[in-house]
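Enquirer: pasting a predicted model and its sequence here:
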Amino acid sequence: MAETRHSVTIGRPLGEVFAVLTDPNKTPRWSAPALEEHSIAPGPPTIGSRRLAVTQLMGMRSQNIAEVTAFEPNRLWEMKSVSGPPFVVRATFAPVDGATRVDWTWSFHLQGPMRPFGPLVAWLFGRVFAKDLVRLKRMMETGEL
């Protein structure tokens, strides 16, 4: 397993930040690799909800389905891939001086001949994700998102 961890503090209320980050339809607006993302079934996210994502990273296009495995409104959200590249993503949310801090952990579970490349995948993904978080912060704080 390989991990990358990131944090961002966004100058918006906790409820707004949580709502944006748990809405898969909004992900392509702030995440460069996300070409398409949407819930598979209607309704708000809950444990067991699934979403489909089509991404392009390092020139490679992939598709995955991920399932929400933990969900506590305005506190915690976690997803695990059930198809496509194997990963778990966990985000925790906390109010900080009128803003919201989000702490992310992405874990990649590459297997077989790909296993030795896990740390490289995590590092490369982390570089892209760090830029995504800068974009997310700017978009939320300026009202674009």
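Expert: Received the coordinates, thanks. Remember, it's a predicted structure, so these values are computed and weren't measured experimentally.
Enquirer: how far does the helix ranked longest in the chain sit from its chain's centre?
Expert: Criterion DSSP state H: the longest helix present in the chain is helix 118-142. Mean C-alpha position of helix 118-142 versus that of the full chain (Cα atoms, centre = their mean, to the nearest Å) differs by 9 Å.
Enquirer: give the other helices and strands that it contacts.
Expert: Packed against helix 118-142 by the contact rule (3 or more Cβ pairs under 8 Å, 6 or more residues apart in numbering; DSSP states H and E) you find strand 2-10, helix 14-21, helix 27-30, strand 50-57, strand 99-108. Yep, even glycine has a C-beta here, placed from its N, CA and C like the rest.
Enquirer: now what about the longest one, what contacts it?
Expert: Think strand 99-108. For strand 99-108, the surrounding residues in contact (Cβ atoms under 8 Å, 6 or more residues apart in numbering) are 1-14, 16-18, 21, 85-95, 118, 121-122, 125-126, 129, 133.
Enquirer: and the most centrally placed residue in the chain, what is it in contact with?
Expert: Nearest to the geometric centre of the chain sits V89, at 6.3 Å (Cα atoms, centre = their mean). By Cβ under 8 Å, 6+ apart, the contact set of V89 is A66, E78, M79, W104, T105, W106, S107.
Enquirer: and what about the second one, helix, strand or coil?
Expert: In this case it means E78. At E78 the chain is in strand, as set by DSSP: H, G, I helix; E, B strand; the rest coil.
Enquirer: go ahead and confirm it touches T69.
Expert: Yes - counting by Cβ atoms under 8 Å, E78 does reach T69; the two are 5.0 Å apart.
Enquirer: what sits in contact with each of these two?
Expert: Residues touching both E78 and T69 (Cβ under 8 Å, 6+ apart) are V88.
Enquirer: of the contacts of strand 99-108, buried ones?
Expert: Neighbour counting with 16 or more other Cβ atoms under 10 Å marks 2, 4, 8-10, 12, 14, 17-18, 21, 85-93, 118, 121-122, 125-126, 129, 133 as buried within those.
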